[in-house]
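J.: Mind folding the following:
(2 chains)
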Number of protein chains: 2
Amino acid sequence: MIDLTNAHKKRVTQLRLPKFRQKYDLFVVEGIKIVTELCQEMPQAIEQLIATPEWCANNAAALRHLSPQSVAMATEADLQALTTLTTAPPVLAVVRRFNGAQTAPDLAARVQRGVSLVLATVQDPGNMGTILRVADWFGVAAVFCSPDCADIYNPKVVQATMGSLWRVPIIVAEPTAVFAAYPTVAVCGAVLGGDNLYTATLPTPAFLVMGNESKGLPPELQQLLQQKLTIPRIGAAESLNVGVATGILLSHWRG
Amino acid sequence: MIDLTNAHKKRVTQLRLPKFRQKYDLFVVEGIKIVTELCQEMPQAIEQLIATPEWCANNAAALRHLSPQSVAMATEADLQALTTLTTAPPVLAVVRRFNGAQTAPDLAARVQRGVSLVLATVQDPGNMGTILRVADWFGVAAVFCSPDCADIYNPKVVQATMGSLWRVPIIVAEPTAVFAAYPTVAVCGAVLGGDNLYTATLPTPAFLVMGNESKGLPPELQQLLQQKLTIPRIGAAESLNVGVATGILLSHWRG
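T.: Predicted coordinates for the structure are as follows:
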């Protein structure tokens, strides 16, 4: 194990900004639960783990797959200065960004036999994190995000996904390019006035397209939908949260 | 219409704190969309509307049911100082808190023939708002919140509900007292290792009990469940967001 340097500190602070996450192809994961999971499930993605000596002493098993120089010792004050959380965690990690095509070498086969999400301009980081967690729960084949979605490596997204970030293959791509690449996969989406979700026959393989929080799906994507679905409304709410709607739709694909 | 006074300003600022919301039985609603809905759907609850002269001039229809002295004119700088939102809205309202028993005089009959939510220690304001919106979408009979849930009049909850706050009867009460008051209503909840949601017969009338974000349902409430349900998991996520889980469960009651 090594001591924390100013270069480490600078890198962590820089990675709060999208441009540095892009430039270095790195992001930051914070907190005991999520870092422990990362050590167990994807240790090869960890470039630098930063932790208190106490945490390291108590978590030898989690550190087993890391090289000694990839673990830096820090004080609580160091971690307080580096964290974006309100309470400083005893551990955080600088992590190489995942690529859906790397994490799922069988990506095309997965997409061609399962249900994938296509997110168009989902902009709230909390919603993005919730959707990735739902996608993981229901075992979706992949999640395709349009380039104007919230950055999946935004700290709020990372924390909200609770580890689903590295379990679900995620690819940033224009929805139209995704549909063109997989012409045999049915394009489905939720709109007002579509088929009743509860009685419709839901196709597989399928793309389930989810749109922006306030604007929904743009007309050019609505035109490409081969199946339009509606979650029947009984009360008076104008809309459902996009994460909730995604969960409901996927649960009816499965159940 | 009247001019904004220092007393108005003080009251709005005080209402950011739970103790003053409790003391005065008031809360604050901010922003064009939600205040306009409130003016249309529940004008009698508005104690004081505070808006720019421009907004008032352009929204005469919305103001139709308000008395002249309940509308105070403010500058943009005033609203900037009063708002909890990042961008100052042209209108906000001081509103009398609702009481589920008032908004639904037929509460007992509703509960005895429908599906109601019982929230036990749901503590995140965003989740609370999302759940109230889902409850409105699916037309639940009522939402019962344990006293240690997030305050439904917290500004973040109010904004997240998008108007569902006054369309759904909401009652703060201990879950055990709720079950005791309605002995003929089946008590159901989501736990690990329960009946498969997709194949279970879902009873009506029912209470659907949802627990804390990280701890779930406490053992003493789990013991009271007459039907234990599980949303089958296909992937590896450890849990679902409580708002998403509520939406999935309610959708299967309905579909």
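J.: A strand includes A:Lys19, no?
T.: No. A:Lys19 is assigned helix when assessed by DSSP: H, G, I helix; E, B strand; the rest coil, not a strand.
J.: what's the neighbour count on it?
T.: Using other Cβ atoms under 10 Å in any protein chain shown, A:Lys19 has 8 neighbouring residues. The way it works is simple: take the backbone N, C-alpha and C, and place the C-beta from them, glycine included.
J.: go on, A:Asp124?
T.: For A:Asp124, the neighbour count with other Cβ under 10 Å is 21.
J.: Give the full set of residues in contact with the closest residue to it other than its chain neighbours.
T.: Excluding its sequence neighbours, the residue lying closest to A:Asp124 (Cβ to Cβ, 6 or more residues apart in numbering or on different chains) is A:Glu213, at 5.7 Å. If you count contacts by Cβ atoms under 8 Å, 6 or more residues apart in numbering or on different chains, A:Glu213 has them with A:Val122, A:Gln123, A:Asp124, A:Asn127, A:Asn241, A:Val242.
J.: From B:Thr246, how far off is A:Glu213?
T.: A:Glu213 sits 18 Å away from B:Thr246 when distances are taken as Cβ to Cβ, to the nearest Å.
J.: Just the buried ones among the contacts of A:Glu213, please.
T.: Buried by 16 or more other Cβ atoms under 10 Å in any protein chain shown: A:Val122, A:Asp124, A:Asn127, A:Asn241, A:Val242, out of these.
J.: Could you point out the member of the contacts of A:Glu213 that lies closest to chain B?
T.: A:Asn241 (4.9 Å; Cβ to the nearest Cβ).
J.: on that earlier part again, can you report phi and psi for the residue nearest to A:Asp124?
T.: The phi and psi values for A:Glu213, taken as degrees, to the nearest 10, are phi -50, psi -40.
J.: And for A:Val172?
T.: Torsion angles at A:Val172 (phi, psi; degrees, to the nearest 10) stand at phi -90, psi 120.
J.: Which residues does it form beta bridges with?
T.: Counting by DSSP bridges, A:Val172 is bridged to A:Cys145.
J.: my guess is it meets A:Asp148, correct?
T.: No. Applying Cβ atoms under 8 Å as the test, A:Val172 and A:Asp148 come out as separate, 9.9 Å apart.
J.: okay, those two: which has more neighbours?
T.: Comparing A:Val172 with A:Asp148 by other Cβ under 10 Å, the one with more neighbours is A:Val172, at 16 against 13.
J.: quick one: contacts for that one?
T.: Shown in contact with A:Val172 (Cβ under 8 Å, 6+ apart): A:Phe144, A:Cys145, A:Ser146, A:Pro147, A:Cys149, A:Ile152.
J.: Would you mind checking which of these is nearest to chain B?
T.: If you rank the contacts of A:Val172 by distance to chain B using Cβ to the nearest Cβ, A:Ile152 comes first, at 15.3 Å.
J.: and the closest residue to that closest one other than its chain neighbours, how many residues sit next to it?
T.: Nearest non-adjacent residue to A:Ile152, counting by Cβ to Cβ, 6+ apart: A:Ile170, 5.8 Å away. A:Ile170 is flanked by 25 other residues according to other Cβ under 10 Å.
J.: Need phi/psi at A:Ile170.
T.: Note on A:Ile170: backbone dihedrals following degrees, to the nearest 10 are phi -120, psi 130.
J.: any idea how far chain B is from it?
T.: A:Ile170 sits 13 Å away from chain B, taking Cβ to the nearest Cβ, to the nearest Å as the criterion.
J.: and if you look at A:Thr87?
T.: For A:Thr87, the distance to chain B equals 14 Å [Cβ to the nearest Cβ].
J.: Going by secondary structure, A:Cys160 is in what exactly?
T.: Actually, residue A:160 is Ala. It isn't Cys. Assigning secondary structure by DSSP states H and E places A:Ala160 in helix A:155-161.
J.: by contact count, what packs against that helix?
T.: Secondary-structure packing of helix A:155-161 (3 or more Cβ pairs under 8 Å, 6 or more residues apart in numbering or on different chains; DSSP states H and E): strand A:26-30, helix A:125-137.
J.: what's in contact with the lowest-mean-pLDDT helix or strand in chain A?
T.: The weakest-scoring helix or strand in chain A, judged by mean pLDDT, DSSP states H and E, is helix A:100-103 (a mean of 75). Helix A:100-103 has contacts (Cβ under 8 Å, 6+ apart) with A:Leu107, A:Ala142, A:Val143, A:Trp166, A:Pro169, A:Ile170, A:Ile171.
J.: Kindly reformat the residues you listed as a markdown table containing pLDDT and secondary structure.
T.: Shown next, in a markdown table, are these (pLDDT from 0 to 100; DSSP: H, G, I helix; E, B strand; the rest coil):
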| residue | pLDDT | secondary structure |
| --- | --- | --- |
| A:Leu107 | 93 | helix |
| A:Ala142 | 96 | coil |
| A:Val143 | 97 | strand |
| A:Trp166 | 90 | helix |
| A:Pro169 | 94 | coil |
| A:Ile170 | 95 | strand |
| A:Ile171 | 94 | strand |
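J.: Widest-spaced pair of those?
T.: Greatest spatial distance among the contacts of helix A:100-103 (Cβ to Cβ): A:Leu107 and A:Trp166, at 14.8 Å.
J.: I'd like the distance between the closest residue in space to A:Trp166 that isn't next to it in sequence and chain B.
T.: Among residues not flanking A:Trp166 along the chain, A:Met42 sits closest, at 4.7 Å (Cβ to Cβ, 6+ apart). Distance, A:Met42 to chain B, by Cβ to the nearest Cβ: 12 Å.
J.: A:Met42 is in contact with A:Ser164, isn't it?
T.: No. With contacts counted by Cβ under 8 Å, A:Met42 stays clear of A:Ser164, the gap being 11.9 Å.
J.: Comparing the two, which residue is more hemmed in?
T.: Between A:Met42 and A:Ser164, A:Ser164 has the larger neighbour count (other Cβ under 10 Å), namely 24 against 18.
J.: circling back: in the helix holding A:Ala160, what's buried?
T.: Here helix A:155-161 shows A:Pro155, A:Val157, A:Val158, A:Gln159, A:Ala160, A:Thr161 as buried, counting by 16+ other Cβ under 10 Å.
J.: and the stretch 151-255 of chain A, which residues reach chain B?
T.: Residues of the stretch 151-255 of chain A lying near chain B by Cβ under 8 Å from any Cβ of the partner chain: A:162-164, A:167-168, A:197-198, A:231-241, A:243-248, A:251-252, A:254-255.
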